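Peer 1: Next one to model:
(chains A and B)
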Amino acid sequence: MSRKGRSSATAKRQAFAPVFAALGDETRLALVAKLCGGQPRSISALTEGSKLTRQAITKHLRVLEKVEIVHSARSGRESRFEFDPEPIEEIKKYLDLVSEQWDQALARLKSFVEVERLE
Amino acid sequence: MTIDRIEKRIELKALVSGVWRALTDYREFGEWFRVKLDGPFVPGQISRGQITYPGYEHVRWEAVVQKMEPERLFSFTWHPYSVDPKMDYSQEAPTLVEFRLEKTASGTLLLLTESGFDQIASDRRLEAFRMNDGGWAQQMKSIESYVSQRS
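Peer 2: Below you'll find the model as predicted:
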């Protein structure tokens, strides 16, 4: 693995802890579930059917926005929120790198113990 | 299934005792893992050393040994990918690495798990994502497929 690959992996790891933290809440998770169909939605639409106030929903949306799981864009008088899969994809890439490192280490272990046994 | 862990399984044509030694004898561990450890692994204690992998000799190894159940389970916690000497990784939650051994007809089955990447039991959360069949469900599938990949 290249040095570049490793340092970008480090950066990614720093980025993903807050993403999981943001998802670690039932309300926010429900919001993401509503948004991950791909269609942008207004705060009103996202508040519908929820016991929470518009203000509370907005606060949760801002938390998701901060870690870039959702983006907002103004549309007339209201903001519409849209899901962005990128941060989760970054997590997957990071885990793939760690996973690959283990593959290499275990391959070395395999040759180490199997050669040793023959001796 | 969760996205917070890595799981590997590998068949080794070697006796369980030999594999156990390769995992828990600090010199043997250092041979294949490519780290020069300061001393033996002791449960509850910090293991320190220097990575010997070419290009990463500047990287320190540090882990806290958790369990050593002879020929069955060896585990430690650490900060994976702590390759930047300028970074303080101690504030991050560590991950747990577990090596489990099982005797087989041809040698030893080694099960490796590294868990705790998200510090969240994510099954229930993933369930919520699955309920939605948008494009993102596909993303989650690809994340899931990675955890089930063999070593």
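Peer 1: Now the phi/psi pair for the closest residue to B:V64 other than its chain neighbours, please.
Peer 2: Distances taken as Cβ to Cβ, 6 or more residues apart in numbering or on different chains place B:T77 nearest to B:V64, at 4.9 Å, with adjacent residues excluded. In short, each C-beta sits where N, CA and C put it, glycine included. Phi and psi for B:T77, reported as degrees, to the nearest 10, are phi -110, psi 150.
Peer 1: need the contact list for B:T77.
Peer 2: By Cβ atoms under 8 Å, 6 or more residues apart in numbering or on different chains, B:T77 lies in contact with B:A63, B:V64, B:Q66, B:P94, B:T95, B:L96, B:V97, B:G116.
Peer 1: how about 7 Å then?
Peer 2: B:A63, B:V64, B:Q66, B:P94, B:T95, B:L96 (Cβ atoms under 7 Å, 6 or more residues apart in numbering or on different chains).
Peer 1: between those, which has the most around it?
Peer 2: For those, the largest number of neighbours (other Cβ atoms under 10 Å in any protein chain shown) sits with B:T95, at 22 neighbours.
Peer 1: Could you tell me what pLDDT the model assigned to it?
Peer 2: B:T95 is assigned 84 on the pLDDT scale.
Peer 1: my read: it touches B:S115, true?
Peer 2: Yes: using Cβ atoms under 7 Å, B:T95 makes contact with B:S115 at a distance of 6.4 Å.
Peer 1: count of residues packed around the residue nearest to B:W20 when sequence neighbours are not counted?
Peer 2: Closest residue to B:W20 apart from its sequence neighbours, by Cβ to Cβ, 6+ apart: B:E71 at 4.6 Å. Neighbours of B:E71 under the rule other Cβ under 10 Å: 17.
Peer 1: so B:V65 bridges to which residues?
Peer 2: B:F76 (DSSP bridges).
Peer 1: Any figure for the gap between it and chain A?
Peer 2: Between B:V65 and chain A the distance is 17 Å, computed by Cβ to the nearest Cβ, to the nearest Å.
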